[in-house]
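>>> Model the structure of this input:
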Amino acid sequence: MEEEVRTAVKAKLLEIILNEQESLPRHSTARVIATVGRIEIPANTWNELLAFLFQCSSSTNAGHREVGVYIIYAIFEVTDAFADNLRQLLELFSRTIVDPDSQVVRITTVQALGKMADFIDEDQKEEIAIFSDLVPHMVNVLQQCLNDSDEESAARCFDVFDTLLLLEVPILSKHVQNLIQFFLNIGGNKSYEPVMRVQGLSFLMWAIVYKKTKIQRLKLVTPMIQALMPIAAEEEPEDSDEDSPARLAFKVINTLATNLPPQQVFPVALEGILAYMANADPLYRKAAMVTLAVLVEGSVDFIRPKFNDLLLVVCAGLQDPEANVRRAACMALSSFAEEFDQEVAENHATLLPLVFNLMNEPTPEITKQACNALDAILEGLGENILQYLPVLMEKLLHMLDHVQGETRAIVVAAIGSAAHASGSDFTPYFPEVMKRLQHLMTLHSNEDELMLRAVSTDALGAIAAAVGKDAFRPYLNDLMNLAMEGLLLDNTRLRECGYYFFAGIAQVFEDEFSPYLAGIVPQLIASCQLDENSTRLDNENDNEDADEDGEDTGEDLNYVFRSAIADEKEVAADTIGEFFQHTRSAFLPYVESSVQELIKLTTHMSDGVRKASCGALFNFLRTFYKLSNCEEWKAGIPVAVPLHDNVAQLNSLVMPAILAIWEDEDDKMVVVQVCQEMVETVKLCGPGVVADHITVIAEHLNLIFEKKAYCQQELADDEGLLDEDEQAEFDALLISSASDLVGALASALGESFVTYAKVFIPHIAKYYKKSKPTSERSMAIGCLGEIAAGMLGGITEFTETIFPIALKGLSDEEAEVRSNAAFTVGALCQNTNLDISSQYPTLLTALYPLFQGQQLENVTDNACGAVARMIMKHPSAVPVEQVLPVFVQALPLKRDFEENEPVYKLLFSLIRSQNAWVFSNLSQLLTIFAEVLSKEDELKPHTRQEMVEIVKALNSQFPELNIGGSPLGAYLQ
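The predicted structure follows:
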C-alpha cells in the first residue's frame, strides 16, 4: 500500500473500534490492529498507536478503557513490539487492574499481564517488582469471577496464574504462601462449580512442580495435605475419565509425594489415612486407601521399614464391608505390588486368598481392580506362584471365558504375568491358554476387541519366554503373521503390543527370528517417523476452546501433542534396540537407518521417547562391541586397547548426541536413564567409549552433585538452594545414578581418574552422615568403594578421607550401608599404597559382628571379601589362625558372588603355602568347593578352573581324603 493509504487505514481502524459497541466485532478489529501493529510498530511507522492506547485505557468511558486494554493484550499475543514499554504499561495496568466500573477491563488486564510476563527478563528487577505488586489485585479479579460464577472469565485468569508459575522470573515468589492458601480454598469450596475447583487444584499441582523449594521453605506441605484430604473424601463421578475435585486432590497428593522429600509428606498423610480408616463414612475410608495408593510412588525407600504395618491397613481395606473401599484397597495393593514386589511376594499367603475372594465378587469394578492387583502381584511372585498355579489358572481361564470388557483384558494380562512368574512350570497350561489367546489375536470389530487383541499379543510374548522355543515353535509362524496383520489395523495400542511381542519373541528365538526382520523393521522405522503434528485431536465441542469473539485462541491454533503416538515411538525405539541385541549380525543391514532415526528421537518432546532412544543407542553400542570380539579392555587413558573401527564409528555418532541432550535435559528421569545406560556401556566397553568426552561427562556430573544441572533448576528459588538433608526420592535417584557413573568411570580410567576423583570424592562423601536417609548413606559408601576398587593405587591420596567414613559405616544401623562399608574397606585396604595395617585390629573388631546374624546376606559376603583382601595385602597384620574359623564358617557366599574372587584367591594361596589351619580343615573346605562348583554362575571361569586344579592337586597329595568318592570326583577327569 501507499504510505498515505496505510496511514488512512490505521486511523480508520482506530476510529471503527472506538465506535463499535458489540464485543465480537470489537475484538476482531483489535486483532486486525494487533496484526498491523506487528509490522508497523517495529518499523516506527505507527508511533501514535501507543499514545492512543494510553488515552483509551485512561478514558472516563469504560468502553474505551476496555478497547485500549484489549488491543494491548492482542498485541502482546502476536508480537514483542511493546517490549521496550513494559514499565509504562505496568504503571497503566496498576490502574486498570482496579478499574472501578468494569470487570471486563480488570479481567482483560489480567490476561494482558499474562502475555506481558513472557517478555520480562530476569535482570529487569524494577519491572518484576511492579508486576509482583499487582498479583494480589489479580487474585481479587479471579475471586470476583468465582463469586459471580463467571466460569469463562475465571478460566482465563486460572490460565494466567498457571503461566506465571512456569516463568523463571520470580513474579509469584513472595506470594506463594498466600496463593497456595487461596487455591486450596477454591479447591475446598463446595459452593463453586466442580470445573472451577478442579482448575484451582490444578494450579496447586503445577505449583508443587515449579515452586517446590519455596513450598518446602515456607513449610506448606502439612497444611496442604490437611486441606486436600477432605476434598479427596468427596463423591466421584461415575465416568472414570471425568475430572473432579476428589480426583484432582489425589493427583496433587501424588505430585507432593513425587516431588518433595517423603519425610515431609508421608507422615502427615499417614496420620490422615489412619484417622480416615477409622471413620464411619465409607467415603473417608475409600479416600484413605486411594491416598495410600498415590503416595507410594515417591516414598518407596521411606515406606519400606513400615511396610508390614501399612500392609495391615491395606488388608483391612480389602475386607471392608463397603464395595468402594474394597475397590480402592485393590488400587493400593497394586501400587504396593509394583514398588515392593519382594515384600508383597513374602506375604503371598495373606494376600492371594483375599484377592481371590475379591475376584469372585459380583461387582464388575471390584473384579476388575482385584484382577489388576493380582496381575501386579504375579509379576514379582517368582517361585512362590507354584503352589497356587493350578487354582489360579483354573480361575483365570474360567474368567477369560465368562467376563467381558476391560476386565477380560486384565485377565489376559494376569495370565501373561502368571507365565512370567512360573516359567517352565506354566507349560501344562500352555495348550488351553494358546487356544484362547490365538483366537483373541484375530479380533478386530471394535475398540474393545482391538484392546483385547493387543493385550493378548503382549501376553503371548511373556508366555513364549516362559515355555521356551521348542514348545512355542509350532505356533510361531501363525502368531507372527497375526501380529504383523495387527500392525496394519491403524491402532497405536495394537502396534505397541505387537512390538512388545516381537521383542519377546526375538529374545526367545534369537537367530531364528532373523527372517522376520525384513517385514517388521520398516514398520518400526515408520513408527519412529510418525508426525504428531499431522493430526489434531477431535474436539467434541467445536466452540469449547473458542474465545468469546468466536475465533480460536492462540493455544488452540497450535497442534495438540498426541501422547498415543509418542507412546508408540517409545516402544518402537526400545524394540529396535532389542532386535539388534538378540539377532546381532542379522540386524546389520538395518543399523544405519535405525541409528539415524534414534538420534532424531533423542530430541523428541516426550521424555519417554528420549529415554527409549538413548537406551536403544547405548544398546547398539554394546551389541556392536560384543560383535567386534575385541580383546578385553584395560583401564586408563590414553586408551590401551582401541575400539574396533565399527564401534568407534558408531560411538562418534552416539556419544555426541547423548551429551547434547544431557546438557539441556529438563527431565530428571531422562538423565537417570543416560547415567544408567552409560554405566552399563562403560563397564562392558571400557574407556574407549568415553575417552574423547570425559571432560564434558565430568562437568555434567559435577553440576548434578552441585544441584545446578538444568533438570534440577526447581531445587533453587530466588533465595538459592535449600540447605536441607532431606530430598525427594527422584532427586536422590538422580544423585545415585550420577554416583554409579562416577564409580564406573573410575574403573574404566583406573589411575587416570585421580584428577576427577579430587572433584567427586568430596561431593560424594558429604552424603554419608547420620541425618541422610539410608539410600543416600548407602549410595555414598558404595560409590567410594567402587572408586577405591577401580582406581587401584590411584586411591592412595584419598585414603585418609575414605577410611574414617568406611569404618563408621561398618556399624551403621542399616544392613545395606554396613554391606557397602565392608566392600569399601576391602577395596581400600587392597589398593592403597599407604600402610594402614596398624588399623587392622580396629577394622577386624568392627567387621566381626558382620559374620553373624545378618538378615541381609550381602553383609557377611562383603565382610568375607574385606577380610580376604586385608590378609592378602598384609598377612602379618592379621591373626590368621583366629580369623580363619570365622571366615570359613561363612562360606560359601550366599548372594554377592563378585566377592568369590578375593575369597578363593586367598584360600588357594593358603593351600599352596600349606597353611596349618587350612590343612587341618581340608574336608570343610572341600565341601565348600563342591557346593560352589555345582553352581553354574557363582564363579568366574578362571577361578573355577583354578579351583578344579587345586582339587586335583589335593587328590594327588592326600589320597586318604577320598576326593574321588565325593561329589568332587566328577572334576578329577
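
>>> When you work out contacts or count neighbours from here on, use the C-alpha atoms and nothing else.
Fine.

>>> list the contacts for Glu776?
Residues near Glu776 by Cα atoms under 8 Å, 6 or more residues apart in numbering: Ala732, Ser736, Tyr767, Tyr768.

>>> Which of those ranks first by neighbour count?
In terms of neighbour count, Ser736 stands highest of the contacts of Glu776 at 24 neighbours, by other Cα atoms under 10 Å.

>>> That one belongs to a helix?
Yes: counting by DSSP: H, G, I helix; E, B strand; the rest coil, Ser736 falls inside a helix.

>>> Test my guess that Asn189 contacts Arg197.
Yes: if you go by Cα atoms under 8 Å, Asn189 and Arg197 touch, sitting 7.3 Å apart.

>>> one step back: among the contacts of Glu776, which one sits closest to Ala660?
Ala660 lies nearest to Ser736 out of those, by Cα to Cα, at 21.6 Å.

>>> Assign Pro321 to helix, strand or coil.
coil.

>>> hmm, back to that, out of the contacts of Glu776, who's nearest Ile410?
So of those, ranked by how close each gets to Ile410 (Cα to Cα), first place is Ala732, at 33.6 Å.

>>> quick one, what contacts that closest one?
Glu776.

>>> cool, the one 10 residues further on as well?
With contacts defined as Cα under 8 Å, 6+ apart, Val742 is in contact with Leu701, Phe760, Cys783, Ile787.

>>> what's the weakest-modelled helix or strand in the protein?
In the chain, the helix or strand scored least confidently by mean pLDDT, DSSP states H and E is helix 554-557, which has a mean of 33.

>>> After it, which helix or strand is next? Please name it.
Note on helix 554-557: by DSSP states H and E, the next helix or strand toward the C-terminus is helix 563-583.

>>> Of all the residues in stretch 862-879, which ones are buried?
For stretch 862-879, a neighbour-count test (16 or more other Cα atoms under 10 Å) marks 862-873, 878 as buried.

>>> does the closest residue in space to Ile128 that isn't next to it in sequence sit in a helix, a strand or a coil?
Spatial nearest neighbour of Ile128, chain neighbours left out: Ile171 (6.0 Å); criterion: Cα to Cα, 6 or more residues apart in numbering. Taken by three-state DSSP, the conformation at Ile171 corresponds to coil.

>>> was I right about Ile171 contacting Ser132?
Yes: assessed by Cα under 8 Å, Ile171 is found in contact with Ser132 at 4.9 Å.

>>> Comparing the two, which shows the higher neighbour count?
For Ile171 versus Ser132, neighbours defined as other Cα under 10 Å are more numerous around Ile171 (23 against 17).

>>> Give me the phi and psi angles of that one.
Main-chain torsions, Ile171, degrees, to the nearest 10: phi -70, psi -40.

>>> same deal with Val639?
Torsion angles at Val639 (phi, psi; degrees, to the nearest 10) stand at phi -70, psi 120.

>>> Once you drop chain neighbours, what's closest to it?
In space, Val639 is closest to Gly688, 6.0 Å off (Cα to Cα, 6+ apart).

>>> Please tell me how far the one you found sits from Arg493.
Per Cα to Cα, to the nearest Å, Gly688 is found 40 Å from Arg493.

>>> Compare these two and say which one has the larger neighbour count.
Gly688 (26 against 20).

>>> Quick check: the more buried one touching Leu643?
Yes: Gly688 is within contact range of Leu643, at 5.9 Å (criterion: Cα under 8 Å).

>>> what separates Gly317 from Asn360, distance-wise?
Separation of Gly317 from Asn360 (Cα to Cα): 17 Å.

>>> who's more crowded, those two?
Regarding Gly317 and Asn360, a neighbour count based on other Cα under 10 Å identifies Gly317 as having more, with 26 against 14.

>>> re earlier: list the residues that contact the residue nearest to Ile128.
Ile128, Ala129, Phe131, Ser132, Leu164.

>>> all strands of the stretch 501-650 of the chain, in order?
With DSSP state E, counting those that start in this stretch as the criterion, the stretch 501-650 of the chain has no strands.

>>> I meant the stretch 651-800 of the chain, not that one.
716-717, 720-721.

>>> Quick check, Cys497 in contact with Val455.
Yes: contact criterion Cα under 8 Å: Cys497 and Val455 qualify, at 6.6 Å.

>>> Quick check: which ranges of the stretch 501-650 of the chain have low pLDDT?
533-562 (pLDDT under 70).

>>> Run through the neighbouring helices and strands of the helix or strand encompassing Ala462.
In this structure, Ala462 sits in helix 447-467 according to DSSP H and E. When contacts are defined as 3 or more Cα pairs under 8 Å, 6 or more residues apart in numbering; DSSP states H and E, helix 447-467 sits against helix 405-422, helix 430-440, helix 492-509.

>>> for those, which one sits closest to Val674?
helix 492-509 (21.7 Å).

>>> Which residues does that closest one contact?
450-451, 453-455, 457-462, 464-465, 468-469, 480, 483-484, 486-487, 513, 564-565, 567-568, 571-572, 575, 578-579, 582-583.

>>> List buried residues within the residues you listed.
Here, 16+ other Cα under 10 Å leaves 450-451, 453-455, 457-462, 464-465, 468-469, 480, 483-484, 486-487, 513, 565, 567-568, 571-572, 575, 578-579, 582-583 buried among the contacts of helix 492-509.

>>> about what we covered before: quick one, grab the pLDDT at the residue nearest to Val639.
According to the prediction, Gly688 has pLDDT 96.

>>> need the contact list for Pro967.
By Cα under 8 Å, 6+ apart, the contact list for Pro967 reads Ala930.

>>> same thing with Gly785?
So Gly785 contacts Asn820, Ala821, Phe823, Thr824, Val825, Ala827, Leu828 (Cα under 8 Å, 6+ apart).

>>> and which of those residues is nearest Leu381?
When these are ranked by distance to Leu381 (Cα to Cα), Asn820 comes first, at 27.3 Å.
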